[in-house]
Structure formats: structure tokens, C-alpha cells
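Asks: sequence plus predicted model, see below.
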Amino acid sequence: MRNLWGRRGHALIDYGTAPALAYAARRAGLGRRPLRCADTFVGLILLAVTTTRTPLGVVRAVPFRWHGRLELASVFAQLALPWLAGFAGDRRARRFFLGFAAYNFLVWWTTDWAAQE
């Protein structure tokens, strides 16, 4: 299952993930703080995909492998966020971010980070 996506495929997934995350966060009925955190990740995803060296990148400044390292770091941030941001007691928000972290890890795991340009 590993290495399903190259540079273009991963960029397409990221471009689709950003609006899907914004929509899902609103559908989930997240409170103010968790919604703000989700919106921050929407912006970070768009910033990352538009600045990474992929066929769909706009600025193409960030090496693809760095994008992967940052994406893996974001998985750990998403896992810890409910506790760090103080909304771990909100079961819906906690599950939302843990699910988002699992999804993000799956995308990271299935991407070929050594794919050629």
C-alpha cells in the first residue's frame, strides 16, 4: 500500500483536503476554539501545497521531502492538539482531531516522498 502517490497525486490530495477539512469541521459542529484550530490547519495545508515543489505548486520553494517531514510533524501536532489547546474534554472535537491525524498519517504513509520531479 505504500507509495501510491507521487508529487502530483499528493498535491491533488492536499488541494482536496483543505476544503474538505473546512467543510467537515463545520458539519461536525465544533466549538469556537476547535473550529479555529481546524481553520488554521486548512490555511497551513494550502500554504504547504502551494509552496512545495510539485507540478501543482505555485511558488515551488519547499522541497517535496521537507513537505513530507512537516506533514508528519503536523500529525503529531494534531494528535496532541486537543490537550494542548484545552478542548480534550469535548469528545466530538477530540475525536475529530484524532480522526484527522489518522487520515493525515495515512496520506503521509502512502506518499512516495522520493518521487522524481
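Replies: Ah, there it is.
Asks: so where's this protein shaky on pLDDT?
Replies: Scanning the chain with the threshold set as pLDDT under 70 gives 1.
Asks: ranges for the helices of it?
Replies: Applying DSSP state H to the chain gives helices spanning 7-27, 32-51, 64-84, 91-109.
Asks: quick one: which of those is nearest A115?
Replies: In terms of CB to CB, the element of the helices of the chain nearest to A115 is helix 7-27, at 5.1 Å. Placement of C-beta: from N, CA and C, glycine included.
Asks: show me what counts as buried in that closest one.
Replies: 7, 9-11, 13-15, 17-18, 21-22, 24-25 (16 or more other CB atoms under 10 Å).
Asks: redo those residues as a markdown table? Include distance to T54.
Replies: What follows is the buried residues of helix 7-27, written out as a markdown table (distance: CB to CB, whole Å):
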| residue | distance to T54 |
| --- | --- |
| R7 | 4 |
| G9 | 9 |
| H10 | 7 |
| A11 | 4 |
| I13 | 11 |
| D14 | 9 |
| Y15 | 10 |
| T17 | 14 |
| A18 | 14 |
| L21 | 19 |
| A22 | 21 |
| A24 | 24 |
| A25 | 25 |
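Asks: circling back: any chance of a markdown table for the helices of the chain, columns distance to E117?
Replies: Output for the helices of the chain, formatted as a markdown table (distance: least, CB to CB, whole Å):
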| stretch | distance to E117 |
| --- | --- |
| helix 7-27 | 7 |
| helix 32-51 | 15 |
| helix 64-84 | 8 |
| helix 91-109 | 19 |
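Asks: out of the ones you listed, nearest to V58?
Replies: helix 32-51 (4.3 Å).
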